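*Asks:* Here's a sequence, model it:
(2 chains)
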Amino acid sequence: MFKIALRNIFRNKRRSVLTGLSIAVAVMIAVYLWSLISGIMDDLFDNMIRLNYGHVRILNTDYVKRERLLPLEANIKDYQAVARLADADRNVTLTVGRIKFGVLLEYKGKNKPVFGTGIVPENESPISHLDQKIVEGRMIEMGKEEMNLGASLARELGLKLGDTLTVVTQTAYGSITAMNLKIVGIFSYGVQSMDKTTFFIPLDRAQKLLDLENSATEIFIFIKDKNKGPEVAKEIRAKLDLAYPGKYMAKAWQEQELLYFYMVIARNVYAGLYFLVLFLASFTILNTMFMSVLERTKEIGMMKALGMKNRQVMGIVMLEALLIGTIASFIGAIWGSGIAYYLATRGLDFTATFETMGTINFPISSVYHALFSWGIVFFGFCMGILFSVAAAVPPALRAAKMEPTESLKEI
Amino acid sequence: MKKTLFTLAIAAWLAGAVLAATGAEIIRKVDENLIYKSARMEAKMIIHIWSEVRTKTMRTYQKGRESSFSVFLSPPRDQGVKYLKLKDNMWIYLPDVDKTIKIAGHMLRQSMMGSDLSYEDALESGDLLDKYTATLVSEEVVKQRPCFVVDLTARVKEITYYRRLVWVDKELFVPVREELFAMSGKKLKVMTLGNVQKYGSRYYPLYMSMRNLLRQNTLTELIITKAEFDLSLPAEMFTQSSLTK
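*Replies:* This is a model prediction of the structure:
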């Protein structure tokens, strides 16, 4: 059977090569597309966790309802005492308070709405990796009226290291307030929502500026295993309910509606694309096998007249598809992994495009990197074979159903 | 019969005209009480916000209804913050950054020093009767004082409060309560006034409370601890340069 199948493949080399090529291209596209989308989504989720949500976040229950408005009055009073509740959990590795606030930045007649974040600089490194993202100058220090500014924002406002900027905003109680802040460092995350619209100041300065003594608007929590987010959040919620009934709540990154929405979209879009590509490619194998079966009607009739069983006839056609599918999927997987590796190491740079676009409110990187994984390559290879074999089922059934007497009549 | 109906209609129209005139007259008498050529006041602003109470003290100088200069004396956080109002313009001086900021655009609707008053409230100048049609709608007793209830409906479109209901003490011609409404009819703020003192032949309330109904659980009280009227104030006090002095 194997010999017959092999002979059939080589009987019409051009057709077999074209079929194989379409499968190989489909597998290649599926592999690098999956790698690229996985890379983009992993990067987006990682940025969201590091910059927006942490693994778990403690928030004032009122703040949760109006988070988009950054309501400073819905803060966490004596946040260190609240953070200690979470610290006691064995899964928690780090808790840190933050204050996010909105500011209309004015410099030399230019106005721009931006977001300030008050942070504890020494605790930021394991969370937002700010220390690694400083491209000029140094990180801010507690107790000093200094800021780290996004590179794109600095460029847009014509600001440089050493300049002093007056930040004018409203306190948590609604009074107008201002602070002169010296730019001691410029950061670049390669994420436009950060580089274009954000600055960091020390938490104690943010507390002074916003009249939020000992308070924070959120407590970021990092845990040992991020997959246990909902479990840890539940435990912390129970403690919070006991100590501060109804006042504060803990939310895991998996429980963030926006993040969940992106996850669902990404999963569905990718699955749709992946199977569409393979489905289209499988049509070529369906067509090839039908042609092959029709061409060999007389031969199949002869074989059946000589005693070959339906199952065996079907097996030959399926084996032929399996052989083409395996070789083509292997080649496609190699090509796909090559492109995926290139995209993982070099990336696709969209910085110039993002610079010209308006502000994007979710932290997607300007350089898209693929996620190279042998698992993705192997899965693509297997799916290529599966689709090839599945597409050969209808022609194989047709071959098996042929009546020897009828088939032999065909010339 | 027709004659009777006609007479009644004329009478009703005349009654309305008389009430409208009375409404305007009441507001004019209120203004005569409250608007001085100049004034110097020291006041305590008590802001009840959520479960907190924040007290600020200030000194204010006023020239008519259109110019005022205020400086905050306490708490330390607000010490030295100055406000200057000249007709429809307002500036704030922030000593921490040694900067004067003009309050304009969206900032005007924001709360002043965290209170229930907005900058727009503070900026209100000119004669109310230029912008509103005053109608006496009823008479009620508020805090054991018989009052006129005057409805002020805006004649202009660009106005902070489209409608106001003012309860005016019938005897002293001082407002005791005021409700402020948006064009949609939504009640935005409620103000009460009290502790009316006599200065010469006029009356002035030394207590005011304002509740912004768009904020939750807040109330601002303004208690005037010292008031002097019709004194001479230097003209340079009402200039931008006085903010940085």
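*Asks:* Verify the stated contact: residue A:313 with residue A:401.
*Replies:* No. Residue A:313 is not in contact with residue A:401 according to Cβ atoms under 8 Å; the separation is 9.0 Å. Bear in mind the C-beta positions are built from the backbone N, C-alpha and C, glycine included.
*Asks:* When the two are compared, which one has more neighbours?
*Replies:* Per other Cβ atoms under 10 Å in any protein chain shown, whichever of residue A:313 and residue A:401 has more neighbours is residue A:313, with 23 against 10.
*Asks:* Would you point out which residue is most central in chain B?
*Replies:* residue B:121 (6.6 Å; Cα atoms, centre = their mean).
*Asks:* Find the helix or strand that residue A:344 is a member of.
*Replies:* Using DSSP states H and E, the element containing residue A:344 is helix A:310-345.
*Asks:* And the helix or strand following that helix, what does it pack against?
*Replies:* Following helix A:310-345 in sequence order, the next helix or strand is strand A:348-349 (DSSP H and E). Helices and strands touching strand A:348-349, by 3 or more Cβ pairs under 8 Å, 6 or more residues apart in numbering or on different chains; DSSP states H and E, are strand A:367-368.
*Asks:* residues of whichever helix or strand comes after the strand it packs on that come out buried?
*Replies:* Downstream of strand A:367-368, the first helix or strand assigned by DSSP H and E is helix A:374-401. By neighbour count with 16 or more other Cβ atoms under 10 Å in any protein chain shown, helix A:374-401 contains the buried residues A:376-377, A:379-381, A:383-385, A:387-392, A:395-396, A:398-400.
*Asks:* Quick one: mean pLDDT over helix A:374-401.
*Replies:* Mean per-residue pLDDT for helix A:374-401: 85.
*Asks:* Is there a neighbour count for residue B:105? I'd like the number.
*Replies:* Residue B:105: 8 neighbours (other Cβ under 10 Å).
*Asks:* Quick check: it vs chain A, distance?
*Replies:* Residue B:105 sits 10 Å away from chain A, taking Cβ to the nearest Cβ, to the nearest Å as the criterion.
*Asks:* tell me the pLDDT at that residue?
*Replies:* 75.
*Asks:* Repeat that for residue B:16.
*Replies:* Value for residue B:16, per-residue pLDDT: 45.
*Asks:* same thing with the one 10 residues further on?
*Replies:* At residue B:26, the pLDDT value in this model is 94.
*Asks:* name the helices or strands packed onto the helix or strand hosting residue A:96?
*Replies:* Element membership of residue A:96, judged by DSSP H and E, is strand A:92-107. Contacts defined by 3+ Cβ pairs under 8 Å, 6+ apart place strand A:92-107 against helix A:79-87, strand A:110-119, helix A:121-128, helix A:151-157, strand A:164-170, helix A:203-209, strand A:218-223.
*Asks:* and of those, who's closest to residue A:241?
*Replies:* Closest of the helices and strands packed on strand A:92-107 to residue A:241 is helix A:79-87, at 10.6 Å (criterion: Cβ to Cβ).
*Asks:* what mean pLDDT would you report for that closest one?
*Replies:* What helix A:79-87 shows for mean pLDDT is 93.
*Asks:* Pull the residues that contact that helix.
*Replies:* A:56, A:58, A:76, A:92, A:95-97, A:214-216, A:219, A:221, A:236, A:239-240, A:243-244, A:248, A:250 (Cβ atoms under 8 Å, 6 or more residues apart in numbering or on different chains).
*Asks:* If we use 6 Å, what do you get?
*Replies:* If you take Cβ atoms under 6 Å, 6 or more residues apart in numbering or on different chains as the criterion, helix A:79-87 is touched by A:76, A:92, A:95, A:97, A:215, A:216, A:219, A:221, A:236, A:239.
*Asks:* Let me know the closest of these to chain B.
*Replies:* Using Cβ to the nearest Cβ, residue A:215 comes nearest to chain B of the contacts of helix A:79-87, at 12.0 Å.
*Asks:* Would you confirm that that closest one contacts residue A:74?
*Replies:* No. Between residue A:215 and residue A:74 there is no contact under Cβ atoms under 6 Å: 10.4 Å.
*Asks:* Find the pair from the contacts of helix A:79-87 with maximum spatial separation.
*Replies:* Longest distance between any two of the contacts of helix A:79-87 is 20.7 Å, between A:92 and A:215; criterion Cβ to Cβ.
*Asks:* The lengthiest helix in chain A versus helix A:374-401: what angle between them?
*Replies:* Longest helix in chain A, counting residues (DSSP state H): helix A:257-295. Comparing the axes of helix A:257-295 and helix A:374-401 via axes from the mean of the first three to the mean of the last three Cα atoms, to 10 degrees yields an angle of 40 degrees.
*Asks:* Chain B contacts on the stretch 51-200 of chain A?
*Replies:* With Cβ under 6 Å from any Cβ of the partner chain as the criterion, the stretch 51-200 of chain A meets chain B at residues A:166, A:173, A:174, A:175, A:176, A:178, A:180.
*Asks:* between these, which is closest to residue A:33?
*Replies:* For those, the nearest to residue A:33 is residue A:166 (48.3 Å; Cβ to Cβ).
*Asks:* Dig out what the closest one forms beta bridges with.
*Replies:* Bridge pairing for residue A:166 (DSSP bridges) gives the partners residue A:180.
*Asks:* if I read this right, it contacts residue A:180, doesn't it?
*Replies:* Yes. Assessed by Cβ under 6 Å, residue A:166 is found in contact with residue A:180 at 5.4 Å.
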